[in-house]
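Asks: sequence and predicted structure below; questions after.
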Amino acid sequence: MKILITGGAGFIGSHVVRTFVEKYPHYHIYNLDALTYAGNLENIKDIESKENYTFIKGDITNEKLIELLFNEYKFDSVIHLAAESHVDRSINDPLAFAKTNILGTMNLLNSFKNLWYNNWQNKLFYHVSTDEVYGTLGKEGLFTEKTPYDPNSPYSASKASSDHFVRAYGETYNLPYVISNCSNNYGSYQFPEKLIPLFINNIINNKPLPVYGDGKYTRDWLYVVDHAIAIDVIFHKASIKETYNIGGFNEWQNIDLIYLLCKQMDEKLGREKGTSEKLITYVKDRPGHDLRYAIDASKINKNLGWKPSVTFEQGLSKTIDWYLANEEWMSNIVNGDYLKYYEKQY
Ligand code: NAD
């Protein structure tokens with residue numbers, strides 16, 4: 001089986017590529033990634049020489065290139081993760097999000113459809129999406145697969161739109177698809193603009209920890225390795241044209257999560273209790289900030305037997321250990337050195 005994974009040099013994509021390359025030597029995995037600021041080949045260095053793996057540098061918004069790649073390699077399935085993924089960036093440049101997340105997804109759908117139309121046996125288009133498409137919750141309730149879409153940021157609106165196109169291709173052309181909507185991920189190889197790696201880096205370097213608003217925003221958190229396992233399970237076991245919510249059964253108010261992170265960091269760095277907390281700095285809220293996300297992941301649990309393998313305390317501890325052991329990875333990103341490396345390579 002030939003599987004195209006898009007965005008495999010990014011945070012979640014690198015874990016998915018690694019899982020598939022290592023676990024399924026009889027599949028060939030093609031990793032298509034444009035290597036934007038968020039893509040980093042260091043994230044998948046350990047598998048680059050595997051025989052069942054090919055990296056392709058390319059942009060999903062390039063319609064001709066995508067058509068050409070599908071015609072040349074005849075991918076049986078697609079696991080689509082490539083996206084502009086940072087909400088704050090989407091507020092500054094919404095069009096970039098529409099281009100990659102909507103038009104890029106449509107290019108992949110079109111090429112997949114043109115290649116296999118009416119010949120769908122053993123084919124699958126798996127679209128990886130976010131719980132942010134559902135908008136915000138009040139103090140009570142959970143997002144289920146039936147919750148109406150109500151996105152509030154340009155990022156979530158672009159992801160919602162791409163979800164709709166995937167579903168529409170399923171109805172209109174009978175294209176076999178699955179969609180999963182997952183909560184906030186954390187773990188190794190996450191770009192340090194996102195909360196947990198940013199705060200780990202700032203604590204190491206005694207820099208302020210910027211907390212939006214009153215810190216009461218609530219999110220569900222999932223260890224990235226568990227997301228990759230869920231994607232593997234869905235890819236192999238899900239019913240066609242179904243949607244699955246993926247979550248950690250693990251809700252945290254930002255400020256409580258930050259206190260836990262500070263506590264673990266003090267312990268691991270051998271600093272006096274309470275040292276890291278002093279770096280907390282409240283900053284102006286971002287516009288359109290969703291109050292609370294919480295996921296009902298009972299469908300994937302009951303129907304496919306998936307559940308998270310680690311508690312949040314365990315996952316966070318593993319994550320901190322990884323960043324402390326890989327400070328060079330972090331400093332290369334912060335210094336922009338890995339981008340200079342690409343200029344030499346391509
Ligand atoms: P990321 O920003 O770390 O990685 C995105 C990858 O896509 C990068 O390697 C980047 O180079 C690549 N990319 C961007 N634009 C591209 C283009 N035009 N053509 C080809 N490649 C391109 O993102 P992530 O956090 O790993 O998220 C991956 C997917 O999972 C996204 O679709 C995101 O919406 C979804 N998701 C993320 C989270 C989360 O917490 N991070 C939660 C749920 C769903």
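Replies: Structure received.
Asks: for stretch 73-92, give the mean pLDDT please.
Replies: For stretch 73-92, mean pLDDT is 96.
Asks: buried stuff in it?
Replies: Residues of stretch 73-92 classed as buried by neighbour count (16 or more other Cβ atoms under 10 Å): 73, 75-87, 89-90. Yep, even glycine has a C-beta here, placed from its N, CA and C like the rest.
Asks: and these, which of them are in strands?
Replies: Ser77, Val78, Ile79, His80 (DSSP state E).
Asks: save these as TSV, and put in distance to the ligand too.
Replies: Formatted as TSV, these follow (distance: Cβ to the nearest ligand atom, whole Å):
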residue	distance to the ligand
Ser77	17
Val78	13
Ile79	10
His80	7
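Asks: among the residues you listed, which two are most distant?
Replies: Maximum pairwise distance in these, criterion Cβ to Cβ, is 10.1 Å, between Ser77 and His80.
Asks: how many other residues sit next to the residue of the stretch 201-346 of the chain found nearest the ligand?
Replies: Using Cβ to the nearest ligand atom, the single residue of the stretch 201-346 of the chain nearest to the ligand is His227, 7.4 Å away. By other Cβ atoms under 10 Å, 26 other residues sit near His227.
Asks: that one: what's it in contact with?
Replies: His227 makes contacts with Ile12, His15, Cys182, Asn185, Ile246, as judged by Cβ atoms under 8 Å, 6 or more residues apart in numbering.
Asks: let's go with 7 Å and repeat that
Replies: Applying Cβ atoms under 7 Å, 6 or more residues apart in numbering to His227 gives the contacts Ile12, Cys182, Asn185, Ile246.
Asks: ok, now Phe75?
Replies: Residues counted as contacts of Phe75 (Cβ under 7 Å, 6+ apart) are Lys2, Ile3, Leu4, Tyr30.
Asks: for the second one, helix, strand, or coil?
Replies: What DSSP: H, G, I helix; E, B strand; the rest coil gives for Ile3 is strand.
Asks: out of everything not next to it in sequence, what's closest to it?
Replies: By the measure of Cβ to Cβ, 6 or more residues apart in numbering, the closest residue to Ile3 outside its immediate chain neighbours is Ser77, 5.0 Å from it.
Asks: any idea how far the one you found lies from Val178?
Replies: Going from Ser77 to Val178 by Cβ to Cβ, to the nearest Å gives 10 Å.
Asks: need the overlap of contacts for the two.
Replies: Common contact partners of Ser77 and Val178 (Cβ under 7 Å, 6+ apart): Leu124, Tyr126.
Asks: neighbour-wise, which of the contacts of Phe75 leads?
Replies: Highest neighbour count within these: Leu4, with 26 neighbours (other Cβ under 10 Å).
Asks: tell me the phi and psi of the residue lying closest to that one once chain neighbours are set aside?
Replies: Of all residues not flanking Leu4 in the chain, Phe75 sits nearest, at 4.1 Å (Cβ to Cβ, 6+ apart). Backbone torsions for Phe75, taken as degrees, to the nearest 10, come to phi -60, psi 130.
Asks: how close does Phe75 sit to Ile47?
Replies: Counting by Cβ to Cβ - Phe75 and Ile47 are separated by 19 Å.
Asks: go on, Pro148?
Replies: 40 Å.
Asks: ok, now Asn335?
Replies: Between Asn335 and Ile47 the distance is 25 Å, computed by Cβ to Cβ.
Asks: got it, and Ile320?
Replies: From Ile320 over to Ile47 the distance is 24 Å, taken as Cβ to Cβ.
Asks: tell me the residues of the stretch 151-300 of the chain that contact the ligand?
Replies: Proximity of the stretch 151-300 of the chain to the ligand (Cβ under 6 Å from any ligand atom) is limited to residues Lys159, Cys182, Asn184, Asn185, Phe191.
Asks: let me know the closest of these to Tyr223.
Replies: Nearest to Tyr223, judged by Cβ to Cβ, of those is Asn185 at 7.6 Å.
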